[in-house]
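Undergrad: fold the following for me, if possible:
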Amino acid sequence: MNSFFGTDGFRGKAGRTLTAEHAFEVGRFLGWYYGAAQSKKCRAVIGKDTRRSSYMLEYALAAGLTASGADAYIMHVTTTPSVAYAARAFNFDCGIVISASHNPFSDNGIKILNGSGEKLVGGAIRLIEDYLRGALRSGGNPFAVPDATGENVGSVVDFVAGRNNYTAQLISLAPRSLSGYKVGLDCANGAAYNIARRVFSALGAKVYAIGCRPDGTNINLNCGSTRPARLISLVKERGLDIGFAFDGDGDRCICVDERGEVVDGDGIMYILAGYLRRGGSLVGDRLVATVMSNSGLISSLKELGIDTEICGVGDSAVYEKMCFCGAALGGEQSGHVIIGKVENTGDGIVTALYLMQALAAGGGTFSSLLRGLKLWPQTCASVPVEDKARAVSPAVASETARAEEQFKGEGRVLVRPSGTENVVRVMVECSDENLCKEVCARIARAVKGD
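TA: Modelled structure (predicted):
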């Protein structure tokens, strides 16, 4: 098991479990790994979200990279998908994102992307783990990473042009004007705040934006994709056609329809699957969803002649499965959606743009695009724990077995440790909404040890 990197990079409490020293050593290793170790000069691109600690980690990463002879290109506050885009569009050796996504401001993280903009996994992550353990143990240097000297020391380059190029790329993805549409945007006081408004305004939409005043401590605070209440109120009060909520680093999107009803990743995938299929772009008439997706999504898609491939949780798992089966669309209930034609990681703004194109093509209301989607009652809980092994405790196993007897084949339970937070996720799905809530509460209590 990794000591530092989880399912979505290196994440922890800023200044405690994720420090400037960690960031410096990660930069130092990457500068060598993609540079001197391959007898060349490394070029790395860095983006960050709006957390106060992101500046500390950005400068530490840049110091580590340049100390190993790499050039660090700084995109400043920008989204995870924009860094992925820049990595592949401008031929960088790697991309680095400083963000803890939907977590509170006191957390932060480091996500590493390869030159194709894909999240770094497997052997390369294990090498970074090995290096960090050695480097942080009495100042060790397990791989003998040399210090660059003289003219070989790297440089730091202001690369705001990369963000501007990405913004232009987003605008080019929308063939139809959005003139006449009233659109709400909740940017979570995060990385999307200086991009999303610009894109939708440029396409002609009347934009009503909230969550666009970051102060370093209010990212995701009562706003964004995990807290849509303010966006719901905005859509209802202003009579908007649709609202989109992003998370802290801009790779998720959750919707609010014209009635003020939340549409999660399952609803988004249902709409986009139909839209792409009508346009002849849903390769093989299939998409990829995770084990968290509602069983009703799968059966509703089946009625449209669309198959669903199932994978584990995480956008990396979704992308890997998409590559394996050749699917052009995949995503998670949480709002990570990957449209394979234009991206290899979730991009909340791209998702929103494609949904607007589906709305414009349909000519009706956004809620009308969901006709035919019949979801099962589903209840989810996130249980804070000190030890994520609570997910497999005997008490949890006993309650799960009891629930499965009650369901009589018409329901399911999923209990899993989060890969990004000290919580255990509980998901219960069955045909009876009251039973669904009751079982979820019982299992949550078992996880807590009550």
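Undergrad: buried stuff in stretch 14-26?
TA: 14, 18-20, 22-26 (16 or more other CB atoms under 10 Å). Any C-beta I mention is one placed from the backbone N, CA and C, and that applies to glycine too.
Undergrad: in the stretch 51-200 of the chain, which spans are strands?
TA: For the stretch 51-200 of the chain, the strands defined by DSSP state E, counting those that start in this stretch occupy 71-77, 94-98, 107-114, 156-158, 182-186.
Undergrad: before we move on, back to that, determine which two of the buried residues of stretch 14-26 are furthest apart.
TA: Maximum pairwise distance in the buried residues of stretch 14-26, criterion CB to CB, is 15.8 Å, between 14 and 25.
Undergrad: and the residue nearest to residue 304 when sequence neighbours are not counted, what does it touch?
TA: The shortest distance from residue 304 to any non-neighbouring residue, by CB to CB, 6 or more residues apart in numbering, is to residue 274 (6.5 Å). Neighbouring residues of residue 274 by CB atoms under 8 Å, 6 or more residues apart in numbering: 304, 358, 369.
Undergrad: quick one: residue 274 from residue 385, how far?
TA: Residue 274 is 39 Å from residue 385, where distance means CB to CB, to the nearest Å.
Undergrad: got the buried residues for stretch 408-424?
TA: Residues of stretch 408-424 classed as buried by neighbour count (16+ other CB under 10 Å): 411-421, 423-424.
Undergrad: inside strands: which ones of those?
TA: 411-417, 423-424 (DSSP state E).
Undergrad: pull the most distant pair out of those.
TA: 411 and 423 (22.7 Å).
Undergrad: follow-up on the earlier one: could you export the buried residues of stretch 14-26 as JSON lines, including distance to residue 196, pLDDT and secondary structure?
TA: Shown next, in JSON lines, are those (distance: CB to CB, whole Å; pLDDT from 0 to 100; DSSP: H, G, I helix; E, B strand; the rest coil):
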{"residue": "14", "distance to residue 196": "25", "pLDDT": "97", "secondary structure": "strand"}
{"residue": "18", "distance to residue 196": "27", "pLDDT": "96", "secondary structure": "strand"}
{"residue": "19", "distance to residue 196": "31", "pLDDT": "96", "secondary structure": "coil"}
{"residue": "20", "distance to residue 196": "30", "pLDDT": "97", "secondary structure": "helix"}
{"residue": "22", "distance to residue 196": "30", "pLDDT": "96", "secondary structure": "helix"}
{"residue": "23", "distance to residue 196": "27", "pLDDT": "97", "secondary structure": "helix"}
{"residue": "24", "distance to residue 196": "32", "pLDDT": "96", "secondary structure": "helix"}
{"residue": "25", "distance to residue 196": "34", "pLDDT": "95", "secondary structure": "helix"}
{"residue": "26", "distance to residue 196": "29", "pLDDT": "96", "secondary structure": "helix"}
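Undergrad: dump the buried residues of stretch 408-424 to TSV, plus pLDDT and distance to residue 72.
TA: Compiled in TSV, those are given as follows (pLDDT from 0 to 100; distance: CB to CB, whole Å):
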residue	pLDDT	distance to residue 72
411	89	51
412	91	47
413	92	46
414	92	41
415	93	41
416	89	36
417	88	34
418	83	31
419	74	27
420	73	25
421	78	29
423	89	34
424	92	38
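Undergrad: and these, which two are furthest apart?
TA: Farthest pair in the buried residues of stretch 408-424, by CB to CB: 411 and 420, 26.9 Å.
Undergrad: which intervals of the stretch 1-150 of the chain have sub-threshold pLDDT?
TA: Judged by pLDDT under 70, the stretch 1-150 of the chain has its weakly predicted residues at 1, 138.
Undergrad: okay, helices next: where are they in it?
TA: 20-33, 52-67, 80-89, 123-135 (DSSP state H, counting those that start in this stretch).
Undergrad: distance to residue 285 added to those helices, as TSV?
TA: TSV is the format used below for those (distance: least, CB to CB, whole Å):
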stretch	distance to residue 285
helix 20-33	40
helix 52-67	42
helix 80-89	26
helix 123-135	34
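Undergrad: ok, so of the ones in strands among the buried residues of stretch 408-424, who is nearest residue 263?
TA: Distance ranking of those against residue 263, using CB to CB, places residue 414 first at 21.4 Å.
Undergrad: who's in contact with the closest one?
TA: 291-292, 425-428.
Undergrad: show me which positions of stretch 203-221 end up buried.
TA: 203, 205-212, 214, 218-220.
Undergrad: also stretch 435-443?
TA: Buried residues in stretch 435-443, counting neighbours by 16+ other CB under 10 Å, are found at 435-436, 439-440, 442-443.
Undergrad: middle-most residue in the chain, spatially?
TA: Residue closest to the mean C-alpha point of the chain, counted by CA atoms, centre = their mean, is residue 251 at 4.2 Å.
Undergrad: spell out the secondary structure type for it.
TA: Reduced to three states with DSSP: H, G, I helix; E, B strand; the rest coil, the structure at residue 251 is coil.
Undergrad: need the contact list for it.
TA: Residue 251 touches 79-81, 101, 315, 336, 345-348, counting by CB under 8 Å, 6+ apart.
Undergrad: for the residues you listed, which one is nearest residue 242?
TA: residue 348 (13.7 Å).
Undergrad: quick one: contacts for that closest one?
TA: Contacts of residue 348 (CB under 8 Å, 6+ apart): 79, 81, 192, 225, 244, 246-247, 250-253, 335.
Undergrad: gap between residue 367 and residue 282?
TA: Per CB to CB, residue 367 is found 22 Å from residue 282.
Undergrad: just residue 381 next, same as before
TA: Distance from residue 381 to residue 282, by CB to CB: 33 Å.
Undergrad: quick one on the thing from earlier: contacting residues for the nearest residue to the residue nearest to the centre of the chain once chain neighbours are set aside?
TA: Spatial nearest neighbour of residue 251, excluding adjacent residues (CB to CB, 6+ apart): residue 346 at 4.1 Å. Residue 346 makes contact with 80-81, 251-252, 315, 331-332, 335-338, according to CB under 8 Å, 6+ apart.
Undergrad: the same query, at a cut-off of 6 Å, please.
TA: Shown in contact with residue 346 (CB atoms under 6 Å, 6 or more residues apart in numbering): 251, 315, 336-338.
Undergrad: ok, and the most crowded of those?
TA: residue 251 (34 neighbours; other CB atoms under 10 Å).
Undergrad: now the host helix or strand of residue 243 against strand 182-186, angle please.
TA: Secondary-structure assignment from DSSP states H and E places residue 243 in strand 242-246. Angle, strand 242-246 to strand 182-186, by axes from the mean of the first three to the mean of the last three CA atoms, to 10 degrees: 20 degrees.
Undergrad: who does the helix or strand that comes right after strand 242-246 pair with, and is each partner parallel or antiparallel?
TA: Note on strand 242-246: by DSSP H and E, the next helix or strand toward the C-terminus is strand 253-256. Using DSSP bridges, strand 253-256 pairs in its sheet with strand 242-246 (antiparallel), strand 262-263 (antiparallel).
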